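> pasting the sequence and the predicted coordinates here, then a few questions.
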Amino acid sequence: MRCPFCASVDTQVKDSRMAEDGSYIKRRRFCSECGSRFTTFERIQLKDIMVKKSNGVVVPFEREKLLKSIQVACKKRPISDERIEKIVSSIQRQLEANTDGEITSKEIGVLVMDILSNLDIIAYIRFASVYYNFDKKEDFLTFIDTIKKEISIFDEGNKNLDAMSYNKCTINPDFPNNQVNDKNDLFEK
Ligand SMILES: [Zn+2]
């Protein structure tokens, strides 16, 4: 496995552990070139998933890209690597179970936002910001307004961001102007 930090292929497995439910094997790896440590997960892929982008192009689903986009959104939030893995796996299972045609990148984005909005409001806002590809300040503020209306987190006195949840969320895949961010290749090659 190539080192994500220095690209060296000289990496070693230091520790392997199977998940309690046997659904994946987690390996701690060490790069002898730069000394970095990183984790990989080995898991089953039941079938190939194809994703239709908004420009009509169909591309293979890439689990790693989805994982990365969620990791970025969850950075420094109280969400463990294992939790993120479970989120990605649950999305992957849902995609595999969808047998009627291709999945759109939009649908995947909505699945992610649905999960994140119930898990961590900051991660949700970050992910949504990339997904909706806000290019105007007004669009972003409108988005925040819709959130503020539905949750009590901005209530006076409630300063505990970690306790926030967004259970009543209604996710609009087309907000604010039907422009979904395919340019950053959020979920696919
Ligand atoms: Zn390295």
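Done, it's in.

> enumerate the residues of this structure near the ion.
3, 5-6, 8, 31, 33-34, 36 (Cβ under 5 Å from the ion). Using the backbone N, CA and C atoms, a C-beta is placed for each residue, glycine as well.

> for Ala97, state which of the residues you listed is nearest.
Cys3 (34.4 Å; Cβ to Cβ).

> in a helix, the closest one, correct?
No. Assigned with DSSP: H, G, I helix; E, B strand; the rest coil, Cys3 falls outside any helix and is coil.

> let me see the contact set for it.
By Cβ atoms under 8 Å, 6 or more residues apart in numbering, the contact set of Cys3 is 9-11, 31, 33-34, 36, 38.

> in the helix with the most length in the chain, what counts as buried?
Using DSSP state H to define each element, the chain has its longest helix at helix 81-97. For helix 81-97, burial by neighbour count (16 or more other Cβ atoms under 10 Å) applies to 84-89, 91-92, 95-96.

> from those residues, which single one is nearest Phe61?
For the buried residues of helix 81-97, with Phe61 as the reference and Cβ to Cβ as the criterion, the closest is Leu95, at 6.5 Å.

> per-residue pLDDT, the closest one?
Note for Leu95: predicted pLDDT of 86.

> spatially nearest residue to it (excluding sequence neighbours)?
Nearest non-adjacent residue to Leu95, counting by Cβ to Cβ, 6 or more residues apart in numbering: Ile49, 4.8 Å away.

> for the one you found, the count of nearby residues, please.
19 (other Cβ atoms under 10 Å).

> against Asn133, how distant is it?
Distance of Ile49 to Asn133, given as Cβ to Cβ, to the nearest Å: 23 Å.

> check Arg77 too.
Arg77 sits at a distance of 22 Å from Asn133 (criterion: Cβ to Cβ).

> more neighbours, those two?
Arg77 (19 against 16).

> returning to that earlier point: just the buried ones from the contacts of Cys3?
The buried subset of these - by 16+ other Cβ under 10 Å - is 11, 31.
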